[in-house]
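> I would like to see how this sequence folds:
(4 chains)
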There are 4 protein chains.
Amino acid sequence: MHKSIAVGVIGATGYTGIELVRILSLHPNVELKYLISESYSTYTINNIYPHLTNVIELELIKLDISQIIDTIDLVFLALPHGKYPEIAKELIDKGKRIIDLSANWRLRDAKVFQKWYLEEIISTTLLDSAIYGLPEIGNYAAIQTTNLLANPGCYSTASILGLAPLVSGNLIDLNSIIIDAKSGVSGAGRSLQLQTNYCEVNESFAAYQIGGVHRHIPEIEQELSRLAKTPILVHFTPHLVPMARGILATIYVKPIEKLTSLDLYHCYTAYYANSKFIRLNNSHKRPQTKQVRGTNYCDINLYLDERTNQIIIIAVIDNLLKGAAGQAVQNLNIMYSLPEETGLNHIAIYP
Amino acid sequence: MHKSIAVGVIGATGYTGIELVRILSLHPNVELKYLISESYSTYTINNIYPHLTNVIELELIKLDISQIIDTIDLVFLALPHGKYPEIAKELIDKGKRIIDLSANWRLRDAKVFQKWYLEEIISTTLLDSAIYGLPEIGNYAAIQTTNLLANPGCYSTASILGLAPLVSGNLIDLNSIIIDAKSGVSGAGRSLQLQTNYCEVNESFAAYQIGGVHRHIPEIEQELSRLAKTPILVHFTPHLVPMARGILATIYVKPIEKLTSLDLYHCYTAYYANSKFIRLNNSHKRPQTKQVRGTNYCDINLYLDERTNQIIIIAVIDNLLKGAAGQAVQNLNIMYSLPEETGLNHIAIYP
Amino acid sequence: MHKSIAVGVIGATGYTGIELVRILSLHPNVELKYLISESYSTYTINNIYPHLTNVIELELIKLDISQIIDTIDLVFLALPHGKYPEIAKELIDKGKRIIDLSANWRLRDAKVFQKWYLEEIISTTLLDSAIYGLPEIGNYAAIQTTNLLANPGCYSTASILGLAPLVSGNLIDLNSIIIDAKSGVSGAGRSLQLQTNYCEVNESFAAYQIGGVHRHIPEIEQELSRLAKTPILVHFTPHLVPMARGILATIYVKPIEKLTSLDLYHCYTAYYANSKFIRLNNSHKRPQTKQVRGTNYCDINLYLDERTNQIIIIAVIDNLLKGAAGQAVQNLNIMYSLPEETGLNHIAIYP
Amino acid sequence: MHKSIAVGVIGATGYTGIELVRILSLHPNVELKYLISESYSTYTINNIYPHLTNVIELELIKLDISQIIDTIDLVFLALPHGKYPEIAKELIDKGKRIIDLSANWRLRDAKVFQKWYLEEIISTTLLDSAIYGLPEIGNYAAIQTTNLLANPGCYSTASILGLAPLVSGNLIDLNSIIIDAKSGVSGAGRSLQLQTNYCEVNESFAAYQIGGVHRHIPEIEQELSRLAKTPILVHFTPHLVPMARGILATIYVKPIEKLTSLDLYHCYTAYYANSKFIRLNNSHKRPQTKQVRGTNYCDINLYLDERTNQIIIIAVIDNLLKGAAGQAVQNLNIMYSLPEETGLNHIAIYP
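Residues are numbered from 1 along each chain as shown, chains lettered A, B, ... in the order given. The predicted model follows:
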């Protein structure tokens, strides 16, 4: 098969951008054509990231959509939300496709966006044509045909995948959902913040945005409500782990009726029967983020505490892969009718 | 004031033991007289731990109770549970006092001990005279006079302190308690385990003993049930953080009636009005384990998620201080009618 | 090209073994046929390492050479030195090939081996046929035809590659070589040692085996002496870094005659003109181990301190790739006349 | 003894400043009176650093020297160099004393300062009265009487203390000195830099300022030249370790004549006979930074490599204590004729 899909990455030097570069440069059907960076234009990518020397040495260019639009098929937007509505519109108008890794189009309801993000959505017109790209929960067909793919948030991915089978199966008390999520530091991006200084983070574990205020909450609720066919609220508390990559979400729910461990396991195996990136772990090993590091897997472990009638679901992902760049490439594969796992056969580096 | 209390530490070279040595060697009322270690006897403590050179250079001796019993007032047992019932008996019989940092006497009911520890308690006679030593929850007087002090577990301390005011005040649904706890690696002790190898732990976050099976659960339930005056079950899931020290417990409960943030805060300030080691944080800073590292503080932050009517309590301690050696010295101070904070005025090392 | 080379890995569950599994399972010309493990036989590899679930689920088998010898072409020995001389002999006698990642055959002189390892070499007969497998320093042809490949040590690889051009070119004072090397913890293997316990290693930096006693010293001297055509002694001090992977060697030498930075750079570009895994960095970025993590590259940076007439060479590798498993696969490629980089096109994970 | 010395800290919220606050707030002879911070004035110190809640809750004030000058005895300047010459002058003129932790007055020769710092020294007049404050190398008397104390650099402290006995004793080839130094990240201060972002630092080891260009070099050379009574050049390469605190310097020198290990050891014990913060380690344990973490010790280990006739000296300090704030307080003690170790009896936190 020839390299038929010409792509550009806008925001190529952030942590999500550079992870896209890593994956795309070895993808058999993609030609990684343009790397766009406002901060570092005129440098080559390996000037900024020496680990890419001899691997990919493209020049970083400024964003000038007219220069690239005719020679690309798809653009990845690896930028904070709120950027470049006019460019998105121009690309779509010319029949190009966009995978937007920001929060721009994740929320279907512009009012909900405004409430949680304290600003207006950048384009309600474009919003109408956007598709939320979490393939495992049943919008595979819509992803195939969309020109504007809203790539899910990292916490949202782990949370929704951990809950979808039980919520869809109507097996749990929908008022009981508590998501206690823990993330590595790369989730904060490659920006200058005192809170991500090594000395602040290392040898410490922190909770943050406590009290149900994190912006991934409406996204989780939107998708779970869709699956449950009724509005759901979830409680969500994020934490910061002294490590670079990985999310582990510990999810607590109450069953409506008594379930056995086996019931639980079957519910998930049935729901995810065709999902190549979901691994249901039966092993007696502790679930840990290292087991998915550098890969697009979401590993899910299931437990029952019979004393307190509590179901515990542990979902682990690499926040930069299944939580961002990996999922974006998975979506690209679906959009171009390629096998879902094309270019995503990474094996976790251990240790 | 002269150094009036002569003490020995049995198990001096474990992480809890060495932390006792650090605290006791600067305690103004304690003479640290004997360091007992089966593994390293004949060495001096600074041979094993060079950081103690010029600070404390006592010889490590084998356990021979007859050699030390006449010249000591109190012994710290910093050993795994199940060790040396006859020595405990002999010490008590001779009027000496014991602070046992193991699980030996934490559970009041020998049957509960057997159920969770899968072995028999080492002495039911001694158990009757033992006192559970968490001074902040109302057994201060009993601690003062006991000769056998059961020092609480690390997870238990954070969990009980985080919940005591609400449980005592009868303000929450007692069936709703979920404790999601995260600990540094020193909680596993200084033993050879593959699971604590640097390469296994670093850059990874793990859940373990999932499903309500951790041995600190009955201890938490025992004390909370006592405070609530009714039996309580809690769900508890522990996690392992890639750091040496610290526990952060995120505790989720449902209020019985609508509470405001201020109600919540007042409930805790009232309950802990005289507790010098409890700090209720109002600051907008993220609660994190580093803020108590190397100190005996338990910092508690309180939050309300009004959307889901969820109370979130964050309790942080240093597992080796308030979770073990620091609390043991606090108990010693109470047992000898010293100000509770004697020798415990540490300031956290930051960063 | 079909998967023509059938291989087995003896010692598959150590850190080097599991890295071989990661690389070989995606190698286009290798069939990974047998995973041998004394400790974990009867389990599947993914029982022990859940990150391999759905990726490679081979059963771990006990070492019984008769069961496998007829259906394999090559065996990787990922064991400590001193193991299984009779098996090595049997394999060679049957025309099979061996890549031994231990120190068994690295030293050409059995007396030198005995002096540094305090035990006898396991077979002087086999030693005669063994070839030291560091392809970049001129034994490419010998590697192609050998049946017994001695894979270099991790420190040795970084040290020799950092020095080879200057030593071969006769440009430095051969009495002036000082190698100050720093390694991540995985270099110590996946064994139970107090020294690799997370709590001992983290937030600390240590020197060890100080005074010129590390066993990689004779290996470095052997190869550099060969290149210099005169006996060379080097001083070498290793250090332990709180990280899992990576070696950075800071090498100090004095030039015989005045050199410019450009002279230095040209010396290395000429010497390594055909070496695909050597990257000479010109960038102004700090050399760091992360830039080669998970890859087979050896990155070399060159500096001159004109005030003190000191040449400083910084060589960085991933100790488990170019320092062990990656180099072993590079050697396999050469032994089977495949392009050297087959199956080794990894891109460093960043961050 | 009453708290007789009233002090202020300018730059109280940096890592060095906050370490001064930790030490001074427990110092028996110091009243910590003013905390000055341009960035955070009007907050209390525990608003910025919650770990200080209940410990020290002083308000952070803006720098207005007229408001404080009459009620203080001494000021610590914990700022980058180049700041506030007029304030320094005013303080000195009014008979107040200054301990400056910056590089302002470390170099005796204004031209050397200009060459390495690429700017002019802020006051040559004040420079004349400044004293370099490394008490262990023989300027104890001058420290006692100075009003302007130049507190040494962190790398300089470890390097000079590691070399002073051999250089003073005229036992080594003065052209052979190579210092390979490794530091934790807090050495870079609490500023926003991409290079100290957690994700950039963790799981990586880097060399930086390679080629003999670090600004501590002229400081090391100045003091060693003074001790040797002849000009000395040293080679110095710094490295960055993924940890918050600690410096380990591995120092390589050649003896002039054959020395034994015992000669070496005696040279150091004699030189440092009265130095309370120098610990010469004989133990077989690996020297590591954790053994001095949080303390003012400088631990020195000595080794001989007889094969290559190389002396190896390992010096370890906590960069924020003996390398900055601890040494500053040690100097204060000397300036006020207090026992040198007053308020500095910290024991390292382990693990």
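> shaky segments in the stretch 151-300 of chain A?
A:282-283 (pLDDT under 70).
> in it, what residue is nearest chain C?
Closest to chain C within the stretch 151-300 of chain A is A:Q291: 4.0 Å, counting by Cβ to the nearest Cβ. C-beta here means a position set from N, CA and C on the backbone, and glycine is covered the same way.
> quick one: name the residues of chain A near chain C.
By Cβ under 8 Å from any Cβ of the partner chain, the part of chain A that sits against chain C consists of A:15, A:18, A:22, A:25-26, A:46-47, A:49-55, A:186, A:190, A:202-203, A:244-245, A:276, A:279, A:281, A:283, A:285, A:287, A:290-295, A:297, A:299, A:345, A:347-351.
> mind listing the helices for chain A?
In chain order, chain A shows helices spanning A:15-24, A:45-48, A:65-68, A:85-93, A:110-117, A:124-129, A:140-145, A:154-168, A:198-201, A:217-228, A:261-271, A:326-335, with DSSP state H as the criterion.
> out of the residues of chain A next to chain C, which are buried?
A:15, A:18, A:22, A:25-26, A:46-47, A:49-53, A:55, A:186, A:190, A:202-203, A:244-245, A:276, A:279, A:281, A:283, A:285, A:287, A:290-295, A:297, A:299, A:347-351 (16 or more other Cβ atoms under 10 Å in any protein chain shown).
> restricting to the residues you listed, which residues neighbour chain B?
Counting by Cβ under 8 Å from any Cβ, A:202-203, A:244-245, A:287, A:290, A:293, A:351 from these sit close to chain B.
> keep those, but drop any that are not near chain D.
A:202-203, A:244.
> can you list the residues you listed in CSV and add distance to B:Q330?
As requested, those are arranged in CSV below (distance: Cβ to Cβ, whole Å):
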residue, distance to B:Q330
A:N202, 28
A:E203, 24
A:A244, 37
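> and the residue nearest to A:L107 when sequence neighbours are not counted, what does it touch?
Closest residue to A:L107 apart from its sequence neighbours, by Cβ to Cβ, 6 or more residues apart in numbering or on different chains: A:F113 at 4.4 Å. By Cβ atoms under 8 Å, 6 or more residues apart in numbering or on different chains, the contact list for A:F113 reads A:103, A:107, A:120-121, A:218.
> could you redo the last one with a cut-off of 10 Å?
Taking Cβ atoms under 10 Å, 6 or more residues apart in numbering or on different chains, we find A:F113 in contact with A:81, A:103-107, A:119-122, A:124, A:127, A:215, A:218-219.
> near chain B, anything from stretch A:211-228?
Yes. Judged by Cβ under 10 Å from any Cβ of the partner chain, stretch A:211-228 comes into contact with chain B at A:211-213, A:217, A:221.
> dig out what A:V9 forms beta bridges with.
A:L35, A:F76 (DSSP bridges).
> can you count the residues close to A:G246?
By other Cβ atoms under 10 Å in any protein chain shown, the residues close to A:G246 number 30.
> that one and A:G184 touch, don't they?
Yes. At 4.7 Å, A:G246 counts as touching A:G184 under the criterion of Cβ atoms under 10 Å.
> okay, and the common contacts of these two?
Here A:G246 and A:G184 have A:154, A:289, A:293, A:318-320, B:203-205 as joint contacts, going by Cβ under 10 Å, 6+ apart.
> please identify the buried residues of stretch A:17-32?
Buried-residue list, stretch A:17-32, by 16+ other Cβ under 10 Å: A:17-27, A:29-32.
> could you work out the end-to-end span of it for me?
End-to-end distance for stretch A:17-32: 12 Å, by Cα to Cα, to the nearest Å.
> is there any residue in it that contacts chain D?
No. Using Cβ under 10 Å from any Cβ, stretch A:17-32 never reaches chain D; the gap is at least 10.8 Å.
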